[in-house]
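Undergrad: would you be able to build a 3D model of this:
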Amino acid sequence: MHLHMLRPKSAPRQLSLLESIDQLIETHHLLKHPFYQAWEAGTLSRESLQLYAEQYYQHVRAFPDNLKEFAGRTSGPLADLVEQDLAEEVNPSAPHSLLWRQFAESLGVSEAALNDVRPLPGVAALLDTYDEIASQATQAQAAASFYAYESQMPETVAKKKSGLCRHYNITEPRALAYFDVREKADSHRREAWRRWLGNQNNADKFGVLCAVERSLRALWGALDAVYPRECSTVN
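TA: The predicted structure is shown next:
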């Protein structure tokens, strides 16, 4: 028997923290959710889009507060990253919450509906999840959770914008401004988060991945809340 036949197989390479996070994101990517697949295919009703616009606005409105809360617990390069992220969210010339309201208006959603809507349970759970992560999670857990959300945005908003133009006759720049801004902003945000996370080799990997999976499932849960129950699937 040849000696090389007796050599044990080498163990598979251990994934880095960032690679493990990316693997989780791919598993639970928002574009795999049936709601966004129906959006891309043009099979959502306008009423479904209106409900989504009303409900998801609660997350869009709360997200800057989440960043602000987290920024108060950071320092150094991470603090700079979060503060830059926050500055883009609340940019006085085009705050993201205002741009979302313009999108909602194009669907026929009233100001009162946006202001007074009560979050559905899945959306409320998303708000609670990011509130808790921003205020209580470790820096690595929180940063990874923000990355898990923002890293998906460039492709997700591009698909949503394309679907709106092709299937729902929403083409005015004012109505699509939110998607344009998020596609550009989150492309460089994603790289900034990746650079920081790539240096966190001593972080508690299990704890970080648990926080990431929790945030990803909360994002899915928010879409489950606005999609016809009989059509949604378990991820």
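Undergrad: ok, now which ones touch the residue nearest the centre of the chain?
TA: Centroid-nearest residue in the chain, with C-alpha atoms, centre = their mean: Tyr149, separated by 2.6 Å. Going by C-beta atoms under 8 Å, 6 or more residues apart in numbering, Tyr149 touches 215, 219. Any C-beta I mention is one placed from the backbone N, CA and C, and that applies to glycine too.
Undergrad: Ala104 reaches Glu54, doesn't it?
TA: Yes: at 6.9 Å, Ala104 counts as touching Glu54 under the criterion of C-beta atoms under 8 Å.
Undergrad: who touches both of the two?
TA: 113-114.
Undergrad: where along the chain do the helices fall?
TA: 17-27, 34-41, 46-71, 76-89, 96-106, 111-116, 121-136, 139-150, 153-167, 173-198, 205-226 (DSSP state H).
Undergrad: return the most buried member of those.
TA: Per residue and on average, the most neighbours among the helices of the chain fall to helix 139-150, with a mean of 24 (mean count of other C-beta atoms under 10 Å).
Undergrad: between that helix and helix 121-136, how many degrees?
TA: Here helix 139-150 runs at an angle of 140 degrees relative to helix 121-136 (axes from the mean of the first three to the mean of the last three C-alpha atoms, to 10 degrees).
Undergrad: so for helix 139-150, mean pLDDT?
TA: For helix 139-150, mean pLDDT rounds to 97.
Undergrad: could you check how far the nearest residue to His59 once chain neighbours are set aside is from Leu120?
TA: Spatial nearest neighbour of His59, chain neighbours left out: Leu126 (5.7 Å); criterion: C-beta to C-beta, 6 or more residues apart in numbering. Leu126 sits 10 Å away from Leu120, going by C-beta to C-beta, to the nearest Å.
Undergrad: shaky segments in the chain?
TA: 1-12, 228-235 (pLDDT under 70).
Undergrad: give me that answer again for 90
TA: Residue ranges of the chain with pLDDT under 90: 1-15, 184-187, 201-202, 228-235.
Undergrad: how about the contacts made by Leu18?
TA: Per C-beta under 8 Å, 6+ apart, neighbours of Leu18: 194, 197-198.
Undergrad: any chance of those in CSV, with distance to Asn66 too?
TA: CSV is the format used below for the contacts of Leu18 (distance: C-beta to C-beta, whole Å):
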residue, distance to Asn66
Arg194, 19
Leu197, 18
Gly198, 23
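Undergrad: wait, which of those residues is closest to Lys32?
TA: Nearest to Lys32 among those is Arg194, at 21.0 Å by C-beta to C-beta.
Undergrad: how close does the spatially closest residue to Ala71 that is not a sequence neighbour sit to Glu105?
TA: Nearest non-adjacent residue to Ala71, counting by C-beta to C-beta, 6+ apart: Val82, 4.4 Å away. Val82 sits 30 Å away from Glu105 when distances are taken as C-beta to C-beta.
Undergrad: now Ala222
TA: Taking C-beta to C-beta, one finds Ala222 at 21 Å from Glu105.
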